[in-house]
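> Next one to model:
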Amino acid sequence: MNLFTETRARVVDALAALQTAGDLPGDLDTGNVTVEPPRDPAHGDLATNAAMVLAKPAGMKPRDIAGMLADRLVAEPWIDSAEVAGPGFLNLRLAPAVWQDVVRAVLTGGAGFGRSAMGAGEKVNVEFVSANPTGPLHVGHTRGAVFGDALASLLDYAGYDVTREYYINDGGAQVDVLARSVYLRYLEAHGQAVAFEDGTYPGDYLVPVGEALKAEVGDTYVDQPESVWLTEVRDFATDRMMDLIREDLAALGVTMDVFYSEKSLYGTGRIEEALKSLEDKGLIYEGVLEPPKGKVPEDWEPRQQTLFRSTDHGDDVDRPVKKSDGSWTYFAPDIAYHYDKVSRGFDALIDVFGADHGGYVKRMKAAVSALTDGRVPLDIKLTQLVKLYKDGEPFKMSKRAGTFVTLRDVVDQVGADVTRFVMLTRKNDAPLDFDFDKVLEQSKENPVFYVQYAHARISSVLRKADAAGLGVADAELAKADLSGLTHEAELALARKIAEWPRLVEIAARTHEPHRVAFYLYDLASELHSLWNRGNDEPALRFLQEDAPDTSRPKIALVRATGVVISAGLGILGVVPAEEMR
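As a prediction, this is how the structure comes out:
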């Protein structure tokens, strides 16, 4: 039940009736008619722009159309009032029975209430994390992992066919550095003293990898030249680091559907195939790029390179795909990887990058646009930095990692649920302060606690109702007489519940899962407000002593709230609290 969609349909029907009656021209396009919450809740429950968007094509004044529409709508029993406002907006107040029906719809639909068919099974690939397999995931990866996973869950909830994918960057020079670093730990495991030179990875996390290598090959590689062991150690180390990364993701509650290796693109003809596709469209050429804008590096010199004409697809400059020495640039395998995604039949692509990859946005969008002739959209979401604080001070680096705070450091401190919720309390492209003390604080200022406390309160009410012999099964509550839900505080909670299906579609359409976290905070606020008013007004308490018929509609309302909170937390990947400790 999407009340906004249903109300819009009724508005369009009323407009059609006005057309049939000859009060409006018969050829009006109602495609831009909307029904939304008014900016000021005091103005009503819903507002429509119908008169504003139809005035010009109808050759009439907006307020005149709004007045006729209001007369039609107030004749319906579900509308209490329809008031013309400003230049021609129409504010609607709905009858209490409408909000009571929302509660019943939640109890009838259960966990499916709010799910949407908007995606229509469209296949969407969400690529996120994709960290170099050279160390444990750090706090920046944590934010990207939570955002990407929540976005994937949101899209699934909205009817899309979603694939979660991790691109393993195992084809570049960094994995050779990893191999050399593991080799040093391998020698260390054999009792040798080693020194980590600049450019190697000194973190303690490689100690067990070096020991595992020793256990597997013994002293085979000791004091051997790099040419003997580099390839084997690189593969061994990459596999072990990916095992560690999978464990880190699992600790955060993230499971990938696909792990795609960059290395699989090399020597297989896949890069050549992708670039041939662009060449056939006249988008690959030999040329010399202009020098970089601003200060030109001293070592810059014009070189003939193989270039992708990315400016034809919205980029600022054309991009090299092959260097003058014939080797691929970093961009070439990225093109091939996205070509492979498209070849796998995805209808839309989403890449989640760290803020430091902002320079890749235009070139990747240009590449996908060129590869698909604009058929497959690519949305790139950047996640901004996370600043960590503890005891009022910046949280120090992890000794195990050597240079940064790891994902496991954060999860071990506060748990996966708190980590995930807090990471979604800001829009992805806004900086985020993560204070270990505040995120565990039991106050309204802590959104994690505030939402979980609401769910725990609901669970408490249901347990007490069950103990009192009141049926709390959804099917039984859905049959209850809900006409007793008439107090403004109760209707306010029902109104907020009614926003859930609309919120899901907006958040999915904009690829903004943080909207779910914001909504849950507002919904919890309405629940807590009603609870607190019950302390002063006994008639508002959910359980009315010795009055089961009065209690049932109130229990139905609180249960419906719990259903929506649970669904929202499920999208965020957070387990709803049954009680607070």
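> Give me the domain ranges for this protein.
Following automatic domain parsing, the chain resolves into domains at 3-94, 442-572.
> Any stretches of the stretch 301-450 of the chain with poor pLDDT?
In the predicted model of the stretch 301-450 of the chain, residues 397, 399-402 satisfy pLDDT under 70.
> Run through the helices of it in chain order.
When secondary structure is read from DSSP state H, counting those that start in this stretch, the stretch 301-450 of the chain shows helices at 331-343, 361-372, 407-414, 416-423, 447-467.
> same question, the stretch 101-250 of the chain
139-157, 174-189, 207-217, 226-251.
> helices or strands next to the last one in the packing?
Secondary-structure packing of helix 226-251 (3 or more Cβ pairs under 8 Å, 6 or more residues apart in numbering; DSSP states H and E): helix 174-189, helix 207-217, helix 407-414. No exception for glycine: its C-beta is placed from N, CA and C like everyone else's.
> right, and the helix or strand after it?
Towards the C-terminus, the helix or strand next in line after helix 226-251, according to DSSP states H and E, is strand 258-261.
> Given that following strand, what are its sheet partners and their directions?
Paired strands of strand 258-261, with direction, are strand 161-168 (parallel) (DSSP bridges).
> So for the partner strand, mean pLDDT?
Along strand 161-168, the predicted local confidence has a mean pLDDT of 98.
> can you check stretch 248-261 too?
Averaging the model's pLDDT scores along stretch 248-261 yields 98.
> Around Phe196, how many other residues sit close by?
Counted with other Cβ atoms under 10 Å, residues neighbouring Phe196 total 15.
> I'd like to know how far the spatially closest residue to it that is not a sequence neighbour sits from Val182.
Here the nearest residue to Phe196 in space, its sequence neighbours aside, is Pro202; by Cβ to Cβ, 6 or more residues apart in numbering that works out to 4.1 Å. As judged by Cβ to Cβ, to the nearest Å, Pro202 and Val182 stand 12 Å apart.
> Which one's more surrounded, those two?
A count of neighbours by other Cβ under 10 Å puts Val182 above the other of Pro202 and Val182, at 27 against 16.
> what's near enough to touch the more buried one?
Leu206, Val209, Gly210, Leu213, Val233, Phe236, Ala237 (Cβ atoms under 8 Å, 6 or more residues apart in numbering).
> could you redo the last one with a cut-off of 7 Å?
Remark: with contacts taken as Cβ atoms under 7 Å, 6 or more residues apart in numbering, Val182 is in contact with Leu206, Val209, Gly210, Leu213, Val233, Ala237.
> Quick one: the residues you listed as a markdown table, columns for neighbour count too.
Converted to a markdown table, the contacts of Val182 look like this (neighbours: other Cβ atoms under 10 Å):
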| residue | neighbour count |
| --- | --- |
| Leu206 | 29 |
| Val209 | 23 |
| Gly210 | 23 |
| Leu213 | 25 |
| Val233 | 24 |
| Ala237 | 29 |
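> now the strands for the stretch 51-200 of the chain?
Using DSSP state E, counting those that start in this stretch, the strands of the stretch 51-200 of the chain run over residues 79-85, 89-94, 123-127, 161-168.
> now for the ones you listed, which one comes closest to Glu526?
Each of the strands of the stretch 51-200 of the chain was checked against Glu526 via Cβ to Cβ, and the shortest separation belongs to strand 89-94, namely 16.7 Å.
> quick one: which of the helices of the stretch 301-450 of the chain is nearest Val177?
So among those, helix 331-343 is nearest, using Cβ to Cβ, at 18.1 Å.
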